[in-house]
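[1] compute the structure for the input listed below.
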Amino acid sequence: MNSRSKEIIEEAISQGRWTWLEIDNNSNSLYLEFENLKLSSQPIYDNSYRGELAIRFGQNIYFALFFNKKEDLNFLRFNEDYMNQLLESDEFITDRFPYFYQEFLKPITKFKFQDYDYLNEIKGRYNHKKDLADNRDDNKIFDFLLSFECEDIAIAVGGDFLNCFNDFESLNDDEIKRVSNNWILYYMDYWNKKGTEKEYEVDLLCEEFPLK
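    As a prediction, this is how the structure comes out:
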């Protein structure tokens, strides 16, 4: 993934929502899915689009949560006994659940690739850190880092392989540019039709930056 693709995804997801987490210890892979993004695999003709993107990390995977109080982790839907056991030990969730999947809805406030300065900022802003998965080798180094914040938590994810998917199809750099351009064309059309009989229903992503 080139730097422009990373910039496109950073901008899109920084205003989106994190919707699910999947960790498969058997295949040493981890998936995150996001929606409400300025991305679309198809041309947009109305604003019922979901703007989805999934990111997969493979091999040498690592997943850490930063939080201030235990209740911030309720979105994972663990029972209280297991949550206490997890937070009071060095146990990973993959020790009990080799395959873990959970859906939720967490608005994103900031999202960065390969930014260790940002990760250090995160470490300084939260009282607690919990590693939920760690398949790193002895040198604890991975090739790709993703860090992001929601309203009450922060996430760090690492792995040696990174792929992006839209509608279950892997996206290369050209395709990432294409799905971004689809949304930009819709954004232009949204504002060109504003105030006419053909105007779209209100789209908050478009309304954030009015076309001048």
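[2] enumerate every residue touching K123.
    66, 129 (C-beta atoms under 8 Å, 6 or more residues apart in numbering). Bear in mind the C-beta positions are built from the backbone N, C-alpha and C, glycine included.
[3] that one belongs to a strand, doesn't it?
    No. K123 is assigned helix when assessed by DSSP: H, G, I helix; E, B strand; the rest coil, not a strand.
[4] just the pLDDT for it.
    With respect to pLDDT, K123 scores 95.
[5] for this protein, what's the longest strand?
    When the chain is parsed with DSSP state E, its longest strand is strand 99-113.
[6] so how far is it off the chain centroid?
    5 Å (C-alpha atoms, centre = their mean, to the nearest Å).
[7] stretch 164-184 too?
    With C-alpha atoms, centre = their mean as the basis, stretch 164-184 stands 15 Å off its chain's centre.
[8] tell me where the chain has helices.
    Here the chain has its helices, by DSSP state H, at 3-13, 80-87, 93-96, 116-125, 173-192, 204-207.
[9] for the first one, which positions count as buried?
    Buried residues in helix 3-13, counting neighbours by 16 or more other C-beta atoms under 10 Å, are found at 5-6, 8-10, 12-13.
[10] could you give the angle of it to strand 99-113?
    Between helix 3-13 and strand 99-113, the angle comes out at 110 degrees (axes from the mean of the first three to the mean of the last three C-alpha atoms, to 10 degrees).
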